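>>> Got a predicted structure here, sequence first:
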Amino acid sequence: MGRRRRRVDRVPRGGAGALPEAIAALSRSLPSAPSPEIFRRAKFDRPEAAPALWQLLFRVLSPLPADDASASPALEARARLVKSALCSRGYPRLALAQLPEDGSSGSRELLLALSWLLARGPLPEQLLAQDRVSLGDEMPVCQCEALARRGPSAPPVEAEGPVDIRFVQWLMGKLRFQWRQLASSQQEQCALLSKIHLYTRGCHSDRRLGHLSVAETEMLRDSEGSQRLLQALECENAHLEAALDWRCAQFVFWQWMDTVLDACPPDAPTAASQPPSQPRIPEHGAVELELVAQGLRALQEELREVTERRQEAWEAQIGGQGHGPEWSTARRALREAVDQELAALLQSWEQDRGPAQLHGSQPHGVHRLVRREDGASEDHDLQASEVIQALRSQEAHLEAVLHQLQGQCRQELARLAGALPDLIWILPPGR
Amino acid sequence: MSIVTVQLGQCGNQIGFEVFDALLHDSHNSQGLCSKRENEAYQASCKERFFSEEENGVPVARAVLIDMEPKVINQTLSKAAQSGRWKYGQHACFCQKQGSGNNWAYGYSVHGPKHEESIMNLIQKEVEKCDSLSGFFIIMSMAGGTGSGIGAFVTQNLQDQFSNSLKMNQIIWPYGTGEVIVQNYNSILTLSHLYRSSDALLVHENDTVHKICAKLMNIKQISFSDINQVLAHQLGSVFQPTYSAEGPFHYRRNPLGDLMENLVPHPEFKMLGIRNIPQMSEKSLAYSTFTWAGLLKHLRQMLISNAKMEEGIDWQVQPPLSGLPPLGKVSLNKELRFNTSIANLVILRGKDVQSADLEGFKDPALYTSWLQPVNAFNVWKTQRAFRKYEKSAALVSNSQFLIKPLDMIVGKAWNMFASKAYIHQYTKFGIEEEDFLASFTLLEQVVASYRNL
């Protein structure tokens, strides 16, 4: 232990107190701001630090909005979600997956997982962007974020016994009604938004905007609202400052993390499944890495020999029948079919990319919705008509895919119906 | 969210008037038996749904009136204006000089296409007055010419033009004794067309409502107005505000959407019926008290024995034992005329509503085997009393209740069709024999589907 502490002390730019400050900055910049003490305890794999770290990782990885505390599941469920979310992001250490889910141990593994997430990208900044207080009426113009934040998919549910088709149709109908309700409430929201924009025309101090947003209007109506907004902004500022401090001090943190990594036993070999994006591998891991690489090379060699032998055997086996005219016609037909399919795929890929290239790029991100009478726009502004056009082309594309899938289903149905000549098909009423 | 009502024909216009009058009368009822704040929220919710406010403060019904004869529309407009509480919009009616002569084909194929543009413009204007549109109530008779023919035509157009909005058709089922010789033809054409274009068919049987007037309301000389008031009462007891899942003071924003999601997601099962309890004249009401347990016990028995009203319930009918094999269940059903449900919605209004026990409706034996009570049963509540009833309950049910009358109408129409009686009156206006055959097929299918629950 003494050795490790000395290593920390030899920090070039830090000096005494640099590490506690770095860790404090990090914890302040993370959701629910865990105590810096948690990190110190996790280094020594103390069990009492585990629940706080599970919670922290859950908040970082959860697809749910942070303020929805009522929906927060039990510790076990949270631990499972953290495990599968990390796994789906390609986290390489197996030891994490084997941790008990009751939060009784494993704080060091959790610390490693957290630092892996930190090393992959600017985590505090991403979290800040997610929970940003927004004053304007912000609208996402693409689905990227929604798709990225979907989280791990739910496990398939096995039905007990056979399911009546009428029940499936019932559920399907329910989904349709819910979709229509969603569409009409979306429409309502747009209508009300437009009303607010019209009624508050000329009220905004910012000439470029001209009118108030919902949040701004709400603030005028209700003074408590502005207090809450002030608090939220102060909180966000504090997070921002902490993230800045962390940026400056993180070097010390990574050196300290090296000592944490030293302290834990080597993980089971998982080299083959390492994802492309990994944290920096510390120098003293190089020996182990070399060992792993050697093993890998040996395995590859073995694999190559096995495939060669099998290929030879296979060719010998089909050699006798592989030269007839039938064979070559079949092969030619197959190759043509493959070529055609490839050409079709290429073409559809080109088509997909077409509009995007035409307009520079598809609109992305979140934009503030502003009604402007004069129609003037600046460089970074996005015209509603552009978004609508992009959405229309997306819609057309999705519809084409749907038609194709429906065609496939129809063919499959026709095939099944062909197998049952006595069956009569009656169209369902409506819909 | 708002609902736009389309009143069609004599029947639709007369009922529409009673519905709006009942809704407004109830929401201004000072005897709501609840706090001032709650009453205000209730009123606001009702207004948003069914009325738009005009500048001088008089609520204007969100409605479009359509008829091919001016008489009934003029009566309806002036009755509303006389009420002083509410009125119809100034430019919300469409009428012509000549009716459809009880010929569905004339309404559907002649009047409909000819006036399509004017009618749809009128509806479009009414829709634009809503901040948010939940859907349409389309009130019409099933057996006549104008209401049913144009009604089917308009519903189809609404389906094309407002595909995301919900469409519920209030259909008035004709008297079994018959008013018009071709009523069965008109009925099957209406039903089959609506089955394709509407989301739900809420059926009101004239015979049933007539009996309610005679037996429960003690009315000696029953007029259409009496019948329509009972209908309006039933509709009001369903669609007046109720609490949403968030609890008291939060009223359900989109009851039409919630109702459809709960009751009619399956495209083959769209027939709904209403029962309500208690129902009596105001005079007797003053001398009666009710308990939730008593009301719900009766309502449940009305459901399973397919009684349309409180009087004359067959208490012998019991749910089949769930242990029996399906075949046993069927024969038992037939024997005791047990009414199997797909889905039910109970709406409770009044005092101590939170204490009402609804376990009796959550029995799996009440429902078809492929739907669990958790999916098939829902309840809406509000502490606020409806009209003068301290406690009242309504039940909207998707069940086998209509098999018999439907089967009878299809059978009678088929008999006439087989002898080709009166067919030329329809082919003359473009409704061909194939159209009839398609209607028969569809409705036979509906009957079979309900029978095989």
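Nice, I can see it.
>>> immediately after the lowest-mean-pLDDT helix or strand in chain B, which helix or strand?
Counting by mean pLDDT, DSSP states H and E, the weakest-scoring helix or strand in chain B turns out to be helix B:326-336, with a mean of 49. The first helix or strand that comes after helix B:326-336 along the chain, using DSSP states H and E, is strand B:341-350.
>>> Mind giving me the packing neighbours of the helix or strand just after that following strand?
Downstream of strand B:341-350, the next assigned helix or strand under DSSP H and E is helix B:373-376. Secondary-structure packing of helix B:373-376 (3 or more Cβ pairs under 8 Å, 6 or more residues apart in numbering or on different chains; DSSP states H and E): strand B:341-350. Glycine gets a C-beta too; all of them are placed from N, C-alpha and C.
>>> for the record, mean pLDDT for the strand it packs on?
If you average the pLDDT over strand B:341-350, you get 94.
>>> now do stretch B:120-127
Here the average pLDDT along stretch B:120-127 is 95.
>>> So which residues on the stretch 251-400 of chain B come close to chain A?
Proximity of the stretch 251-400 of chain B to chain A (Cβ under 8 Å from any Cβ of the partner chain) is limited to residues B:254, B:257, B:260-261, B:264-268, B:368-371, B:375.
>>> just the stretch 101-250 of chain B next, same as before
B:131-134, B:164-166, B:192, B:195-199.
>>> cutoff 7 Å now
B:Asp131, B:Ser132, B:Leu133, B:Ser134, B:Asn164, B:Ser165, B:Leu166, B:Tyr195, B:Arg196, B:Ser197 (Cβ under 7 Å from any Cβ of the partner chain).
>>> Just the buried ones from the residues you listed, in PyMOL syntax?
With 16 or more other Cβ atoms under 10 Å in any protein chain shown as the criterion, this PyMOL line picks the buried residues out of these:
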select buried, chain B and resi 132+133+134+165+166+195+196+197
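>>> What is the neighbour count of whichever residue of the stretch 351-453 of chain B sits closest to chain A?
Evaluated by Cβ to the nearest Cβ, the stretch 351-453 of chain B has B:Trp370 as its residue closest to chain A, separated by 3.6 Å. As a burial measure, B:Trp370 scores 18 neighbours (other Cβ atoms under 10 Å in any protein chain shown).
>>> Would you map out the domains in chain A?
For chain A, the structural domains run A:16-134+A:236-264, A:137-151+A:165-212, A:284-321, A:393-418, going by the TED database.
>>> In the stretch 151-300 of chain B, where is pLDDT below threshold?
Along the stretch 151-300 of chain B, segments meeting pLDDT under 70 span B:179, B:248.
>>> For it, which segments are assigned as helices?
For the stretch 151-300 of chain B, the helices defined by DSSP state H, counting those that start in this stretch occupy B:151-161, B:183-197, B:206-211, B:224-239, B:255-263, B:282-285, B:292-304.
>>> what do you get for the stretch 101-250 of chain A?
According to DSSP H, counting those that start in this stretch, the stretch 101-250 of chain A carries its helices in the segments A:107-120, A:123-130, A:144-148, A:165-199, A:214-221, A:223-263.
>>> what's the least confident stretch among those helices?
helix A:144-148 (a mean of 68).
>>> what sits against B:Ser244?
By Cβ atoms under 7 Å, 6 or more residues apart in numbering or on different chains, the contact set of B:Ser244 is B:His250, B:Tyr251, B:Arg252, B:Arg253.
>>> sorry, back to before: just the buried subset of the residues of the stretch 251-400 of chain B next to chain A, written out for PyMOL, thanks.
The command below creates a PyMOL selection of those among these that count as buried (16+ other Cβ under 10 Å):
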select buried, chain B and resi 254+257+260+261+264+265+266+267+268+368+370+371+375
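>>> any chance of the residues of the stretch 251-400 of chain B next to chain A in JSON lines, plus distance to B:Ala448?
Formatted as JSON lines, those follow (distance: Cβ to Cβ, whole Å):
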{"residue": "B:Asn254", "distance to B:Ala448": "33"}
{"residue": "B:Gly257", "distance to B:Ala448": "29"}
{"residue": "B:Met260", "distance to B:Ala448": "23"}
{"residue": "B:Glu261", "distance to B:Ala448": "25"}
{"residue": "B:Val264", "distance to B:Ala448": "18"}
{"residue": "B:Pro265", "distance to B:Ala448": "19"}
{"residue": "B:His266", "distance to B:Ala448": "14"}
{"residue": "B:Pro267", "distance to B:Ala448": "15"}
{"residue": "B:Glu268", "distance to B:Ala448": "10"}
{"residue": "B:Thr368", "distance to B:Ala448": "14"}
{"residue": "B:Ser369", "distance to B:Ala448": "16"}
{"residue": "B:Trp370", "distance to B:Ala448": "16"}
{"residue": "B:Leu371", "distance to B:Ala448": "18"}
{"residue": "B:Asn375", "distance to B:Ala448": "23"}
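>>> So which of the residues of the stretch 251-400 of chain B next to chain A is the closest to B:Leu158?
Closest approach between these and B:Leu158, by Cβ to Cβ: B:Met260, at 14.7 Å.
>>> Now do the contacts for A:Ala183.
Residues near A:Ala183 by Cβ under 7 Å, 6+ apart: B:Asn164.
>>> what number of residues lie near residue 125?
Defaulting to chain A. A total of 16 residues lie near A:Glu125 under the criterion other Cβ under 10 Å.
>>> please go with chain B instead
Neighbours of B:Lys125 under the rule other Cβ under 10 Å: 13.
>>> now the closest residue to it other than its chain neighbours, what's its secondary structure?
The shortest distance from B:Lys125 to any non-neighbouring residue, by Cβ to Cβ, 6 or more residues apart in numbering or on different chains, is to B:His91 (7.5 Å). At B:His91, secondary structure determined by DSSP: H, G, I helix; E, B strand; the rest coil is coil.
>>> And the pLDDT for B:His91?
For B:His91, the model assigns a pLDDT of 89.
>>> To what extent is it buried, counted in neighbours?
Neighbour count of B:His91, defined by other Cβ under 10 Å: 10.
>>> Could you list the domains of chain B?
Using the TED database, the domain ranges for chain B come out as B:2-272, B:277-319+B:338-400, B:404-452.
>>> between the helices of the stretch 101-250 of chain A, which gets nearest to A:Leu81?
Set against A:Leu81 and scored by Cβ to Cβ, the helices of the stretch 101-250 of chain A come closest in helix A:107-120, at 13.0 Å.
>>> list the buried ones in that closest one?
Neighbour-count burial for helix A:107-120, counted by 16+ other Cβ under 10 Å, picks out A:107-118, A:120.
>>> Could you do stretch A:187-205 as well?
For stretch A:187-205, a neighbour-count test (16+ other Cβ under 10 Å) marks A:Glu188, A:Leu193, A:Ile196, A:His197, A:Thr200 as buried.
>>> where's it relative to the chain centroid, distance-wise?
Centroid displacement of stretch A:187-205 relative to its chain, using Cα atoms, centre = their mean, to the nearest Å, is 33 Å.
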